[in-house]
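> With the sequence up front, the predicted model follows.
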Amino acid sequence: MTQPQKKMYIYRLIIKNCLMDINLKHFFNSLRSYIGSIVSISEHIDTDKASQYIRSSIDFKGPNAYILAFAIVVASVGLNTNSIPVIIGAMLISPLMGPIFGIGYGLGTNDTSFLKKAFKNLVIMVVISILASTLYFLVSPLELENPTELLARTNPTIYDVLIALFGGFAGIVEISRKERGTVISGVAIATALMPPLCTAGFGLASGSLKYFAGAMYLFCINSIFIAIATFLTVKYLKYPMATFTDPAKKKRVSRWVAALTVVIIIPSVYSAIIMVRENNFSQTVRGFIAINKQLPRSYIYSYDIDNHSRPPKLELFIAGEALSPEEMDLLYRSARDFGMTDDQLIISQNAATDQSEMTDRVAIQSIYERSDQEIRKREEIISGMEKELQQYKARELPYEQITSELIAQYPSLRDVTLTRGYSITTDSLGRTEEIIIILRAEKKISDENLEKLRKWLTVRLDFQNIKLLQE
């Protein structure tokens, strides 16, 4: 290649690379513009209209008071009967969501007067809800044998935090849209504000502090994280802030709102961290139990997790024979493999018994077990013989009936022989089942009538291989 050709080749490479860079830049710019058009919500948002909606939704007077009380009773009935559709219906009826959005909106816009009003209305709603549910459970004649829906509202998890937070985001974004859909109804169902209040009422009616405290804790988590999601979204979408004529008052309000926001967010973050730890420990426990459920001569029939202690503890309940020191050491070693310390594992053997105490019991039990086994064997033998007898009876020929029918057709018959048998070939020793009928008559039956008679017997006995002979 000559020197001018090399230069021309280099120029072509430079131009080609430049064109590729231009094409790549155009592609990435187009992709960025396309993604931006999808995720951009500014042109779909109407903050003024959303502000009016939020301000009107916190009012608690007139019909709203009755609607709340009715919704609480409906939810209480659903929890009382473990009816999920009824509980969902009560969530859709309830007006509780409005003041919670109002609290987040008031924090985000520094509107202290509106914040106080929303908080006051929420407190009134909570008190009315708890009183209505308490009254219902006091007078309800229904007894709860397995209150699974009530128990589900007494033990909040990290999933409840995530549902409340992202449900709150979905709710405030829906409120901010120019055209609203049905998202608010979905948020009301997902975040479940009504059932915890009903459960708290049940706790008061039954005198159970566990139900009351657990349910109120869940309600506070749901409310706080919905309010936090609303606060963050209001700030992000730049809702119009409250106006103050006095700059000093504006500064005081801003500080007060900032302090209140910190007071709400920090405990919420701490609560979320605690729940993550509890969830991780519960997952660890489930893995440990799955591996060690069955022991050589005993088993773990139940376990209990104490998340209130630091560190959390796991108590195992053992049934069967009492564990030997070697078996207990294996359990502790398995717990260490799952990241637990020996202090976190408590082994309770109240339901287990020592081998010496079990000797007589095992001997008696073995005698009963052997007797039961012998009885079962005899019953199986008898059952098998009965089946064989039924099969034999099913194959038995209706001798008298067939003879009577043959005589009715041929009165000259003097003797009839019916039997089942096998025809065996001499070369392969293969056998074929047959029904053999031998007739003795005063007058010989013609071959044509004998063939007709054989065909009739084939249909009558439902058997193809019939050999009919005449003496």
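Thanks, I have it.
> tell me, how many neighbours does Ala441 end up with?
16 (other Cβ atoms under 10 Å). For glycine as for every other residue, the C-beta is placed from the backbone atoms N, C-alpha and C.
> Outline the domain layout of the chain.
The record's domain parsing of the chain by automatic domain parsing lists 3-40, 45-242, 399-470.
> would you list every one of the helices in the stretch 51-200 of the chain?
Remark: helices assigned in the stretch 51-200 of the chain by DSSP state H, counting those that start in this stretch are 63-80, 84-93, 97-109, 112-139, 148-151, 158-176, 183-191, 194-206.
> Least reliable of those helices by average pLDDT, please.
Across the helices of the stretch 51-200 of the chain, helix 148-151 has the smallest mean pLDDT, namely a mean of 54.
> about what we covered before: return the most buried member of the domains of the chain.
domain 45-242 (a mean of 19; mean count of other Cβ atoms under 10 Å).
> Make a markdown table out of the helices of the stretch 51-200 of the chain and add distance to Thr425.
Putting the helices of the stretch 51-200 of the chain into a markdown table (distance: least, Cβ to Cβ, whole Å) gives the following:
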| stretch | distance to Thr425 |
| --- | --- |
| helix 63-80 | 78 |
| helix 84-93 | 72 |
| helix 97-109 | 90 |
| helix 112-139 | 86 |
| helix 148-151 | 72 |
| helix 158-176 | 77 |
| helix 183-191 | 79 |
| helix 194-206 | 81 |
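> Enumerate every residue touching Asn222.
Counting by Cβ atoms under 8 Å, 6 or more residues apart in numbering, Asn222 makes contact with Asp160, Ile163, Ala164, Thr191, Ala192, Leu193, Pro196.
> Sorry, slip of the keys, the one I care about is Phe212.
Ala200, Gly203, Leu204.
> From those residues, pick the one nearest Gly384.
Nearest to Gly384 out of the contacts of Phe212 is Gly203 (Cβ to Cβ; 60.4 Å).
> ok now do that closest one, which residues does it touch?
Leu209, Lys210, Tyr211, Phe212, Ala213, Gly214, Ala215.
> if you set the cut-off to 7 Å instead, what comes out?
Leu209, Tyr211, Phe212, Ala215 (Cβ atoms under 7 Å, 6 or more residues apart in numbering).
> surely the last one meets Ala200?
It stands for Ala215. Yes - counting by Cβ atoms under 7 Å, Ala215 does reach Ala200; the two are 4.1 Å apart.
> picking that back up, got JSON lines for the domains of the chain, with distance to Pro312 too?
Converted to JSON lines, these look like this (distance: least, Cβ to Cβ, whole Å):
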{"stretch": "domain 3-40", "distance to Pro312": "41"}
{"stretch": "domain 45-242", "distance to Pro312": "14"}
{"stretch": "domain 399-470", "distance to Pro312": "75"}
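> which stretch among those comes nearest Asp343?
domain 45-242 (24.1 Å).
> ok, back up a step: put together a markdown table for the contacts of Gly203, with pLDDT, secondary structure and distance to Phe60 on each row.
Formatted as a markdown table, the contacts of Gly203 follow (pLDDT from 0 to 100; DSSP: H, G, I helix; E, B strand; the rest coil; distance: Cβ to Cβ, whole Å):
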| residue | pLDDT | secondary structure | distance to Phe60 |
| --- | --- | --- | --- |
| Leu209 | 83 | helix | 28 |
| Tyr211 | 79 | helix | 26 |
| Phe212 | 86 | helix | 23 |
| Ala215 | 83 | helix | 21 |
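> orientation of the helix ranked longest in the chain relative to helix 97-109 in degrees?
Among the segments of the chain that qualify as a helix by DSSP state H, the longest is helix 247-292. Per axes from the mean of the first three to the mean of the last three Cα atoms, to 10 degrees, the angle that helix 247-292 makes with helix 97-109 is 120 degrees.
> helices or strands up against helix 247-292?
helix 97-109, helix 112-139, helix 158-176, helix 209-236, strand 298-306, helix 325-337 (3 or more Cβ pairs under 7 Å, 6 or more residues apart in numbering; DSSP states H and E).
> Turn these into TSV, columns for distance to Ser51.
Shown next, in TSV, are the helices and strands packed on helix 247-292 (distance: least, Cβ to Cβ, whole Å):
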stretch	distance to Ser51
helix 97-109	7
helix 112-139	10
helix 158-176	9
helix 209-236	9
strand 298-306	46
helix 325-337	55
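> wait, which of those is closest to Val187?
With Cβ to Cβ as the yardstick, what comes closest out of the helices and strands packed on helix 247-292 is helix 158-176 (4.1 Å).
> So which residues lie in contact with that closest one, not counting its own?
Helix 158-176 has contacts (Cβ under 7 Å, 6+ apart) with 45, 47, 50, 53-54, 101, 180-181, 183-184, 187, 190-191, 218, 221-222, 225-226, 228-230, 233, 237, 272, 275-276, 279.
> just stretch 274-288 next, same as before
So stretch 274-288 is contacted by 156-158, 161, 303, 305, 307, 312, 314, 334-335, 338-340 (Cβ under 7 Å, 6+ apart).
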